[in-house]
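Colleague: Have a look; sequence and predicted model below, questions after that.
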Amino acid sequence: MDVSEFDKFAHSYRDMHTKSIAASGESPDYFAEYKIRDVAGQITAAGLPATSSVLDFGCGIGGSVPYFRRYLPEATLTCIDVSQKSLEIAQERFPGAATFLAFDGKLLPFPDQSFDVVFTACVFHHIPETEHVALLQEIRRVLKSGGRFFIFEHNPRNPLTLAAVNNCPFDENAVLIDASLMLKRIRSAGFSQMRPVYRIFFPRALRFLRFLEPMLTWVPFGAQYYVAARP
C-alpha cells in the first residue's frame, strides 16, 4: 500500500468522494450507512452476540464509525488504517467511539482469533493485487472460529460506478475487482461459505424503485457488491 497516497488525500477525501458520486444523488453517508445496516442484519441472522468484537479494516477517516455505533451499539469496535493522518481525522470526528490503530499494511497487530467480525469497504481496489491473498489470510487469522468477514467493493460492471471512480482523484490508481475474481482470492485465502451480494441499483431520482433491491441482489450489475465469508 502507498501510505503517502492515503495521507495526501486524507483532509480532502470526503469532498472528493461527494463530488465523484454526485450522479447518484446521494451523499457518502448514504453509502456508508447501507453497508453497516446490511452487516448488522447478517450478524443478527448468524446469531453472533450483540457484544461482538468488530475490526474495521482500512477505516480511513471513519465514515462507518457512527453507523457501527447506531446499528451495533454494544459491539467493541477497532479501526485500523495505514494512513496516520486519516486516523487522526477519524479520532477527531468520533472521539471515544472506537479504538484507532495504525498498521504496516501487511501484518495485523492482533493475536489469532481476536474478532467476531472483520469489515472492509472499498479498500482492496487500492491495494496491489499481488498482496490481496496474503492480507486476506491475515484477516482470516484474526477472525474467531464461527466469525464473519464482510468485504465491500465497487462493481466494475456498472457504468455509473466506473464514471465515479474515473472522476475521483483519490481513485486514480485504483484497480476495480470483479466479484468473481474477488471470490477466487477469498477462497484462496482459506475462507468458505461465501457468496456475492449486489447492491445499489437505483440513484436517488429513482428511489421509489429501491423496494425492489432485495430481489436483485443476485444480478451482477449493482453499483457495489459485497462478499460474506466464514473462516
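Modeller: Okay, I see it. Numbering: from 1, shown residues only.
Colleague: contacts, neighbours, all on C-alpha from now
Modeller: OK.
Colleague: Contacts only, for the residue located most distally from the centre of the chain.
Modeller: Residue farthest from the centre of the chain, counting by Cα atoms, centre = their mean, is F208 at 26.0 Å. Contacts for F208 (Cα atoms under 8 Å, 6 or more residues apart in numbering) come out as none.
Colleague: Longest strand in the chain, please.
Modeller: Longest strand in the chain, counting residues (DSSP state E): strand 143-154.
Colleague: Which other helices and strands does it contact?
Modeller: For strand 143-154, the packing partners by 3 or more Cα pairs under 8 Å, 6 or more residues apart in numbering; DSSP states H and E come out as helix 28-46, strand 115-121, strand 224-230.
Colleague: still on that earlier bit, you'd agree the residue farthest from the centre of the chain is in a strand?
Modeller: No: read with DSSP: H, G, I helix; E, B strand; the rest coil, F208 is helix and lies in no strand.
Colleague: quick one, strands of the protein?
Modeller: 53-57, 76-81, 99-102, 115-121, 143-154, 192-199, 224-230.
Colleague: Tell me which of the ones you listed lies nearest to A32.
Modeller: A32 lies closest to strand 115-121 among the strands of the chain, at 8.6 Å (Cα to Cα).
Colleague: Tell me which other helices or strands that closest one touches.
Modeller: Applying 3+ Cα pairs under 8 Å, 6+ apart, we find strand 115-121 packed against strand 53-57, strand 143-154.
Colleague: For I177, find the nearest of those strands.
Modeller: I177 sits nearest to strand 143-154 of all these, at 7.4 Å, using Cα to Cα.
Colleague: Can you give me the buried ones in the closest one?
Modeller: Residues 143-144, 147-154 are the ones in strand 143-154 that count as buried (16 or more other Cα atoms under 10 Å).
Colleague: now, the most widely separated pair of those residues?
Modeller: K144 and H154 (26.9 Å).
Colleague: Could I get the strands of the chain in TSV, plus columns for distance to A22 and mean pLDDT?
Modeller: Shown next, in TSV, are these (distance: least, Cα to Cα, whole Å; pLDDT from 0 to 100):
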stretch	distance to A22	mean pLDDT
strand 53-57	26	98
strand 76-81	26	97
strand 99-102	30	96
strand 115-121	19	97
strand 143-154	16	96
strand 192-199	18	92
strand 224-230	16	97
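Colleague: In TSV, list the ones you listed along with distance to V165.
Modeller: Output for these, formatted as TSV (distance: least, Cα to Cα, whole Å):
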stretch	distance to V165
strand 53-57	21
strand 76-81	21
strand 99-102	26
strand 115-121	15
strand 143-154	9
strand 192-199	17
strand 224-230	12
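Colleague: shouldn't F103 be in contact with I80?
Modeller: Yes: using Cα atoms under 8 Å, F103 is in contact with I80, at 6.6 Å.
Colleague: Stretch 58-73: which residues count as buried?
Modeller: For stretch 58-73, the neighbour count (16+ other Cα under 10 Å) marks 58-69, 71-72 as buried.
Colleague: hang on, I meant stretch 191-200
Modeller: 191, 194, 196-200.
Colleague: just stretch 100-119 next, same as before
Modeller: 100-102, 105, 108, 113-119.
Colleague: How much space separates T51 from F150?
Modeller: To F150, T51 is 17 Å away according to Cα to Cα, to the nearest Å.
Colleague: Next, find the distance separating the most centrally placed residue in the chain from R207.
Modeller: Relative to the mean C-alpha position of the chain, the nearest C-alpha, by Cα atoms, centre = their mean, is the one of A121, at 1.1 Å. Noted for A121: a distance of 23 Å to R207, by Cα to Cα.
Colleague: for this protein, where's the lowest mean pLDDT among helices and strands?
Modeller: Of all helical and strand segments in the chain, the minimum by mean pLDDT, DSSP states H and E falls on helix 3-9, at a mean of 57.
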